[in-house]
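Engineer: Have a look at this prediction, sequence included:
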Protein chains: 2
Amino acid sequence: MRVLVPFDAERPKTRLADLLDERERSALARAMLDDVLAAVRAAGGEPTVLSTAPIDVDAPVRVDDRALTPAVNDALADAAPESPAAVVMADLGLATGDALADLFDADAEVAIVPGRGGGTNALVVRHPEFRVDYHGLSYRDHRRIAAEIDADVAVVDSHRLSTDVDERADLVELLLHGDGRATAWLRDAGFELAVEGGRAGVRR
Amino acid sequence: MRVLVPFDAERPKTRLADLLDERERSALARAMLDDVLAAVRAAGGEPTVLSTAPIDVDAPVRVDDRALTPAVNDALADAAPESPAAVVMADLGLATGDALADLFDADAEVAIVPGRGGGTNALVVRHPEFRVDYHGLSYRDHRRIAAEIDADVAVVDSHRLSTDVDERADLVELLLHGDGRATAWLRDAGFELAVEGGRAGVRR
């Protein structure tokens, strides 16, 4: 399975700016990218990083500084349309080979993993006319686009893959369930779980 | 599979108080309970509601007004310890029979579905010495308790089951992915999805 991994090399993880400075946000984003690439390979995928700027990473890199939607659609169109392709976001810090294998094996022309909050964290495309649209509630839009071209859809149910690491609460999930470089980076940076008022949080 | 479904009949869903008045919170909680009972039965489970007060519901009810931990532990101890038992929270508004069947079929002495934020949304117990402790980061505590009695553990990966409906952001998930009574109640009450600043939310 060819797998595109879009990566924002320039302004990663701005919603963590109250916890991490710019250099730290880049380091965490880069650790998650490495974790995602390892998970993609463990699931039998062949990753290409679709990056907004050149980066040094252990995978082929396609640089495209446009917005996510045209960059992904052009990359999908350039590939052989009869072969399946996947798009897996670079901030899925809990991704595992097992979880991604369930997605890659899903028996549908379009298989979607919704992100918490209505985004699209990962998808597999086996229909030559399908195009992505990451603006707004992309999970709903991708279902609509699939319906318009009569592509059948599978929705893959995974807490690991539905968790994109965007904000403070997501770091709780990384510390609880992660075992990759991103979780190690967080621990090295001094983050730990905390319980305050019966709810889990992180402190540094 | 015997399935306990703990339900707070008296002060449900207090973290939704900025969106719903007390009567509405009770109605939503009750709709989710009905959805969870239907999903348990679809997965082949035999539910008993473990309620803090008598309620009129289409399932056997065991009333226990103590805190969740002693109430669940006594209910587990009263049951035949050699037969498996499950505990499934009543606020899993996205639960489906398929998702619960994966949990019920998990091959382990203790199978856990973590809730987002470190809670325990559902578990299956096949070890007679296991006892629950829902205080604090119960996911971590339940893994520790299982390790102390040498029970092997499976962690079940499901966005549907990891989503307990506690706060405003969880209503987005119900509106996006739910198709039961709770989602219908929300729509009838005038809630709909909204996108503000690129992020999904709900409005009424």
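Structural biologist: Ah, there it is.
Engineer: Pick out the residue nearest the middle of chain A.
Structural biologist: A:Met89 (1.9 Å; C-alpha atoms, centre = their mean).
Engineer: so how far is A:Phe191 from it?
Structural biologist: 22 Å (C-beta to C-beta, to the nearest Å). Heads up, the C-betas are built off the backbone N, CA and C, glycines and all.
Engineer: repeat for A:Arg116
Structural biologist: Using C-beta to C-beta, which is the criterion applied here, A:Arg116 is 20 Å from A:Phe191.
Engineer: Could you check which of those two has the larger neighbour count?
Structural biologist: A:Arg116 (24 against 20; other C-beta atoms under 10 Å in any protein chain shown).
Engineer: That one contacts B:His159, doesn't it?
Structural biologist: Yes. When contacts are counted by C-beta atoms under 8 Å, A:Arg116 is listed as touching B:His159 (7.4 Å).
Engineer: what's the overlap in contacts for the two?
Structural biologist: Both A:Arg116 and B:His159 are contacted by A:Ser162, under the criterion C-beta atoms under 8 Å, 6 or more residues apart in numbering or on different chains.
Engineer: A:Ala146 contacts A:Phe130, doesn't it?
Structural biologist: Yes. Between A:Ala146 and A:Phe130 there is a contact at 6.4 Å, judged by C-beta under 8 Å.
Engineer: what sits in contact with each of those two?
Structural biologist: With C-beta under 8 Å, 6+ apart, A:Ala146 and A:Phe130 have common neighbours A:109-110.
Engineer: A:Trp185: helix or strand, and which one exactly?
Structural biologist: Assigned by DSSP states H and E, A:Trp185 falls within helix A:181-188.
Engineer: now A:Val3
Structural biologist: Assigned by DSSP H and E, A:Val3 belongs to strand A:2-7.
Engineer: And the contacts of that strand?
Structural biologist: A:29, A:33, A:36-37, A:40, A:45-52, A:55, A:59, A:62, A:68, A:71-72, A:75-76, A:79, A:83-90.
Engineer: now swap in stretch A:82-91 and tell me
Structural biologist: A:1-8, A:13, A:29, A:32-33, A:36, A:40, A:45, A:47, A:49, A:72, A:76, A:79, A:95, A:100, A:103-104, A:115, A:121-126, A:128, A:132, A:164-166.
Engineer: Check which residues of stretch A:17-33 are buried.
Structural biologist: For stretch A:17-33, burial by neighbour count (16 or more other C-beta atoms under 10 Å in any protein chain shown) applies to A:19-20, A:24-33.
Engineer: Count the neighbours of A:Val156 for me.
Structural biologist: Neighbours of A:Val156 under the rule other C-beta under 10 Å: 23.
Engineer: tell me the contacts of it?
Structural biologist: A:102-103, A:106, A:111-113, A:122.
Engineer: Ok, A:Ala169 next?
Structural biologist: A:201, B:116-117.
Engineer: can you redo these as JSON lines with distance to B:Gly180 and secondary structure?
Structural biologist: Below are the contacts of A:Ala169 laid out as JSON lines (distance: C-beta to C-beta, whole Å; DSSP: H, G, I helix; E, B strand; the rest coil):
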{"residue": "A:Gly201", "distance to B:Gly180": "31", "secondary structure": "strand"}
{"residue": "B:Arg116", "distance to B:Gly180": "19", "secondary structure": "coil"}
{"residue": "B:Gly117", "distance to B:Gly180": "23", "secondary structure": "coil"}
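Engineer: low pLDDT regions in chain A?
Structural biologist: Where chain A drops to pLDDT under 70, the residues are A:81.
Engineer: Quick check: longest helix in chain A by residues?
Structural biologist: In chain A, assigned by DSSP state H, the helix with the most residues is helix A:22-42.
Engineer: And the buried residues of stretch A:17-33, which is closest to A:Arg140?
Structural biologist: A:Arg140 lies nearest to A:Met32 out of those, by C-beta to C-beta, at 25.4 Å.
Engineer: Tell me how far the closest one lies from B:Gly201.
Structural biologist: A:Met32 is 25 Å from B:Gly201, by C-beta to C-beta.
Engineer: what do you get for A:Met1?
Structural biologist: Distance from A:Met1 to B:Gly201, counting by C-beta to C-beta: 34 Å.
Engineer: Burial check on A:Asp74, number of neighbours?
Structural biologist: Number of residues near A:Asp74 (other C-beta under 10 Å) recorded here: 14.
Engineer: ok, back up a step: quick check, nearest of the buried residues of stretch A:17-33 to chain B?
Structural biologist: A:Leu19 (16.8 Å; C-beta to the nearest C-beta).
Engineer: show me the residues around the residue nearest to the closest one when sequence neighbours are not counted that make contact.
Structural biologist: Nearest non-adjacent residue to A:Leu19, counting by C-beta to C-beta, 6 or more residues apart in numbering or on different chains: A:Arg168, 6.1 Å away. Residues near A:Arg168 by C-beta under 8 Å, 6+ apart: A:16, A:18-19, A:201-202.
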